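K.L.:
coordinates only, no sequence provided:
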Ligand code: XLS
Ligand code: NI
Ligand code: NI
């Protein structure tokens, strides 16, 4: 069945409690279903907030999940998931109707999905394919009607039991081949729907024990898989970048795509950097022992920055809690690095974030996204103000001024040797250095967070 309506006719509105699209009402509003910061058309740094932030809703957390965790079953009120298993395609169409109703009312311009979020696996690969094609047709109709675009598509290469020992890095080439087929189809669908990027999260590419893992061979398999994905991108004429999303562990003890620096080293080793860029997830940075701003700065400095999975972790919990972004300070530092990198091009801010299991109501999805969008919009305004603040700019630039002088230029220009510098030191004595100005800079950030409107 093509088209947007589920089998059995149109569903009732799933979000009747929110009859109208969410609007910007400013800082003085007491309407919980309004934006306080996110004003899509407001210009910040020469572009509208909508263009700067490029918000996307994650299909999996918001529409495909029911609140189950490893200790208990689902808690969330999600009537579109209720269809019986024989009616998996009815449920898929209901879910899509719910997703687009929500996204249209929220006003986020983009979404992201895995193949399995939108279309259930069939009993044969042929059936899986035709189900994905059917749901792709339905999605094209919803997208056309609503104007909602695809920030990225991806393939779920981690939920099915066949992927328990990895997809690209599986010891069994049949599993590798199946994963490759899934990526080919998901990438083609992403292209067909005008997706801006295609993501690869190596959900189970890693190991629990080295005793039975051939580490070197698995890395070679991973490189081969990625090279084939790049070849496929060119073959089908998909012009967005492929993005790797690093994560250090969970579900496995060690993941190969550990963090941004590790992934960029891997991409350079296989001559894939540029074709393949980075999707940085905030909570994954926390798990890797990094600040999210560090991961963005690393990706930017090494030429691989593209997109962000906007969520938040917890300093005391060692797993991907995927909370919505709540800290303006943390996100201001992230957005500062995004603006320093020149802003998003094809990337954006995907809310790879979920409600707490106790947040059972459908309307909680609105509260979560409104809060996340306001946090990121506030952070953008702060970051833009910092970029324009001369004192703030001087604190950083001032530390490096010496490099513009003769000494600095001759060192970087390769005109002097260590021996030359040793001779020179004898004549000029030891340098004193200067303050790093960290606390002054931190106070400035705090002042800007307080001041901006
Ligand atoms: C899981 C990942 C996943 C990716 C997409 O931790 O964040 O949600 O973003 O496969
Ligand atoms: Ni994650
Ligand atoms: Ni993610």
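P.N.:
Everything's here; your move. All figures in this text were calculated on a predicted structure; none of them were measured in a lab. Numbers count the residues shown, from 1 in each chain. Ligands and ions are numbered 1, 2, ... in the order given.

K.L.:
what's across from residue 24 in the sheet?
P.N.:
residue 35 (DSSP bridges).

K.L.:
residues contacting it?
P.N.:
34, 35, 38, 39, 40, 42 (C-beta atoms under 8 Å, 6 or more residues apart in numbering). (Glycine included, C-beta is placed from N, CA and C.)

K.L.:
filter the residues you listed down to the ones near ligand 3?
P.N.:
The overlap between those and the neighbourhood of ligand 3 (criterion: C-beta under 5 Å from the ion) is empty.

K.L.:
closest to ligand 3 among those?
P.N.:
residue 38 (21.3 Å; C-beta to the ion).

K.L.:
could you look up the SS state of the closest one?
P.N.:
At residue 38 the chain is in coil, as set by DSSP: H, G, I helix; E, B strand; the rest coil.

K.L.:
how about residue 54, nearest residue that isn't a chain neighbour?
P.N.:
Excluding the flanking residues, the one nearest residue 54 by C-beta to C-beta, 6 or more residues apart in numbering is residue 348, at 2.7 Å.

K.L.:
give me the neighbour count for the one you found.
P.N.:
26 (other C-beta atoms under 10 Å).

K.L.:
cool, and residue 224?
P.N.:
14.

K.L.:
list the contacts of it.
P.N.:
Taking C-beta under 8 Å, 6+ apart as the test, what residue 224 contacts is residue 168.

K.L.:
any regions of this structure where pLDDT drops low?
P.N.:
Where the chain drops to pLDDT under 70, the residues are 1-11.

K.L.:
which parts of the helix or strand encompassing residue 235 are buried?
P.N.:
Secondary structure from DSSP states H and E places residue 235 in helix 215-236. Using 16 or more other C-beta atoms under 10 Å as the burial criterion, the residues of helix 215-236 that qualify are 218, 219, 221, 222, 223, 225, 226, 228, 229, 230, 232, 233.

K.L.:
how about stretch 243-252?
P.N.:
243, 244, 245, 246, 247, 248, 249, 252.

K.L.:
now render the residues you listed as a markdown table, adding distance to ligand 1.
P.N.:
Below are these laid out as a markdown table (distance: C-beta to the nearest ligand atom, whole Å):
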| residue | distance to ligand 1 |
| --- | --- |
| 243 | 10 |
| 244 | 11 |
| 245 | 5 |
| 246 | 10 |
| 247 | 6 |
| 248 | 11 |
| 249 | 11 |
| 252 | 12 |
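
K.L.:
follow-up on the earlier one: out of the buried residues of helix 215-236, which comes closest to ligand 1?
P.N.:
residue 229 (14.4 Å; C-beta to the nearest ligand atom).

K.L.:
tell me which residues touch the closest one, please.
P.N.:
183, 187, 200, 242.

K.L.:
and which of the residues you listed is nearest residue 141?
P.N.:
Nearest to residue 141, judged by C-beta to C-beta, of the contacts of residue 229 is residue 187 at 21.0 Å.

K.L.:
how many residues are close by the closest one?
P.N.:
Neighbour tally, residue 187, other C-beta under 10 Å: 25.

K.L.:
element containing the closest residue to it other than its chain neighbours?
P.N.:
Nearest residue to residue 187 in three dimensions, chain neighbours excluded: residue 198, at 5.2 Å (C-beta to C-beta, 6+ apart). For residue 198, the host element (DSSP H and E) is strand 197-200.

K.L.:
ok, residue 193 - contacts?
P.N.:
Residue 193 makes contacts with 136, 139, 140, 143, 150, 153, as judged by C-beta under 8 Å, 6+ apart.

K.L.:
got the phi and psi for it?
P.N.:
phi -90, psi 10 (degrees, to the nearest 10).

K.L.:
tell me how far it lies from residue 378.
P.N.:
31 Å (C-beta to C-beta, to the nearest Å).

K.L.:
show me what residue 197 bridges to in the sheet.
P.N.:
So, taking DSSP bridges as the rule, residue 197 has residue 152 as bridge partners.

K.L.:
list the contacts for it?
P.N.:
151, 152, 240, 241, 242, 243, 277, 279, 306, 307, 346, 347.

K.L.:
in the protein, what residue lies closest to ligand 1?
P.N.:
residue 201 (3.5 Å).

K.L.:
what is the neighbour count of that residue?
P.N.:
Each residue near residue 201 was counted by other C-beta under 10 Å, and the total is 24.

K.L.:
for it, which non-adjacent residue is closest in space?
P.N.:
residue 245 is the one closest to residue 201 (C-beta to C-beta, 6+ apart), at 4.2 Å.

K.L.:
was I right to think the one you found contacts residue 205?
P.N.:
No: judged on C-beta atoms under 8 Å, residue 245 makes no contact with residue 205 at a distance of 11.2 Å.

K.L.:
hey, what's in contact with both of the two?
P.N.:
Joint contacts of residue 245 and residue 205 (C-beta under 8 Å, 6+ apart) are residue 257.

K.L.:
can you list the residues of the chain near ligand 1?
P.N.:
Counting by C-beta under 6 Å from any ligand atom, the chain comes close to ligand 1 at 114, 154, 199, 201, 245, 247, 281, 309, 320, 352.

K.L.:
hang on, residue 307 is in a strand, isn't it?
P.N.:
Yes: checked against three-state DSSP, residue 307 lies within a strand.
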